[in-house]
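Peer 1: this is a predicted model, with the sequence first.
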Amino acid sequence: MADAKGFSPDVTVRERSFTIGCVGAGMIMAECHLAAYQLAGFTVGAIASRTKANAAAVAERWSIPVVHETPEALIEDGSIAIVDLAYPPDQQPALIRHALRQPHIRAILAQKPLALSLAEAKALRDEAAAAGKILSVNQNMRYDQSMRVLKEILDRGELGAPVIATIEMRAIPHWQGFLEDYDRLTLSNMSVHHLDVLRFLFGDPDDIFTAARQDPRTTFDHQDGIVISTLRFPTGVIALSMEDVWSGPREEGFESDIYIKWRVEGTEGVAQGTIGWPNGQPSTLTYASKRTTNGQWVTPTWETHWFPHAFVGVMEQLQYALASGEPPALSVADNVKTMALVEAGYRSIGEKRAIPLSEIAI
């Protein structure tokens, strides 16, 4: 065992001078965004949600000074520089566009999926560019501690040339109620984490083949419950992303074994680990390299978690982009490429074939 010396599992906060206005008062905002912002010393100036009472309760918990009647009123608050959205994807685009029209709004952090269609996501990308404002998308798995350290190991060449990668999820998400009204479920709302982080690690794939079936536990209509996707990359890397949201019967007395595991094998080494969600533990990583560890397994450790600590990095990269003039690490232009990969996955399900990404116009 070893600590994370020589690695950066968590970001260093370089900028915290902009005032944030939070839209939404559900779990992801109350338990992740706001917890992370308090840890990082970010300034949250106001909050609003669909129900003012819910926003007021979250404001009291996190000592947020202003509660607005509506999300639109918060966006129009001249003291707010960054709008942080945690809102359903059918309603998010209208709020993004409202924020783009406000002279005082400098940047927007949106949730994923950015919109219900790739066409809408592309339109928002182009409208943000025309307005001269930063639109960033909360792909927070890129800031999971094990993913950040894995990326450093890959970039150092410690595993040699990557050969094969797998992400295996056997866990039961809490599907938010608004998802019952959509025709897309796991691929759009859970696989998107894994597909995006595979892009983060290995670049853009050549193609994707996705197979899906309904989840016996999910009672509302859906096409993509249990999902398995294979991706092929120009470098030769092949990757598999599996989202088993069934994970076996989970009745009273049935011992649980839910988890998310990942593994990357290269020509010179192997790395593997776990994602702390859904068990509430820090994510893990262990690796062995012919080049740097003499083939012995090394296990860097850290105390922080994906939820909520990764959300520090998500907001920090946006504040730093505003202060420095550099592009955000989580740009909307890059996120459109992840949306295109999700779209290709749905086309693959429908057409039962591998879909080249060249077929998806971005």
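Peer 2: Perfect, I can see it now.
Peer 1: where are the low-confidence patches of this protein?
Peer 2: Applying pLDDT under 70 to the chain picks out residues 1-2.
Peer 1: distance check, the residue lying farthest from the centre of the chain against Glu268.
Peer 2: In the chain, counting by Cα atoms, centre = their mean, Asn294 sits farthest out from the average C-alpha position, at 34.1 Å. Distance of Asn294 to Glu268, given as Cβ to Cβ, to the nearest Å: 12 Å. Bear in mind the C-beta positions are built from the backbone N, C-alpha and C, glycine included.
Peer 1: Gln38: how many residues sit nearby?
Peer 2: Using other Cβ atoms under 10 Å, Gln38 has 14 other residues around it.
Peer 1: counting residues per helix, which one in the chain is longest?
Peer 2: helix 332-351 (DSSP state H).
Peer 1: after that one, next one along is what?
Peer 2: As assigned by DSSP states H and E, the chain's next helix or strand after helix 332-351 is strand 355-356.
Peer 1: and the contacts of that following strand?
Peer 2: Asp206, Asp207, Ile208, Phe209, Ala344, Gly345, Arg347, Ser348 (Cβ atoms under 8 Å, 6 or more residues apart in numbering).
Peer 1: can you do 7 Å?
Peer 2: Residues outside strand 355-356 that contact it (Cβ atoms under 7 Å, 6 or more residues apart in numbering): Asp206, Asp207, Ile208, Ala344, Arg347, Ser348.
Peer 1: residues contacting the residue farthest from the centre of the chain?
Peer 2: With Cβ under 7 Å, 6+ apart as the criterion, no residue contacts Asn294.
Peer 1: what are the phi and psi angles of it?
Peer 2: phi 60, psi 30 (degrees, to the nearest 10).
Peer 1: ok so, going back, report all helices and strands that the longest helix of the chain contacts.
Peer 2: Using 3 or more Cβ pairs under 7 Å, 6 or more residues apart in numbering; DSSP states H and E, the elements in contact with helix 332-351 are helix 118-131, strand 134-137, helix 192-202, strand 207-213, strand 355-356.
Peer 1: okay, buried residues for that helix please.
Peer 2: Using 16 or more other Cβ atoms under 10 Å as the test for burial, helix 332-351 gives 332-346, 348-349.
Peer 1: the stretch 151-300 of the chain: helices as residue ranges?
Peer 2: 186, 192-202 (DSSP state H, counting those that start in this stretch).
Peer 1: touching the first one from outside, list them.
Peer 2: The one in question is helix 186. Contact with helix 186 is made by Asp224, Gly225, Val227, Glu243, Val245, as judged by Cβ under 7 Å, 6+ apart.
Peer 1: how about the last one?
Peer 2: Under the criterion Cβ under 7 Å, 6+ apart, residues 112-113, 139, 141-142, 147, 150-151, 154, 162, 165, 167, 229, 231, 233, 237, 239, 241, 337-338, 341-342 lie in contact with helix 192-202.
Peer 1: same check on stretch 257-272?
Peer 2: Contacts of stretch 257-272 (Cβ under 7 Å, 6+ apart): 150, 153, 158-172, 247, 273-275, 277-278, 285-291.
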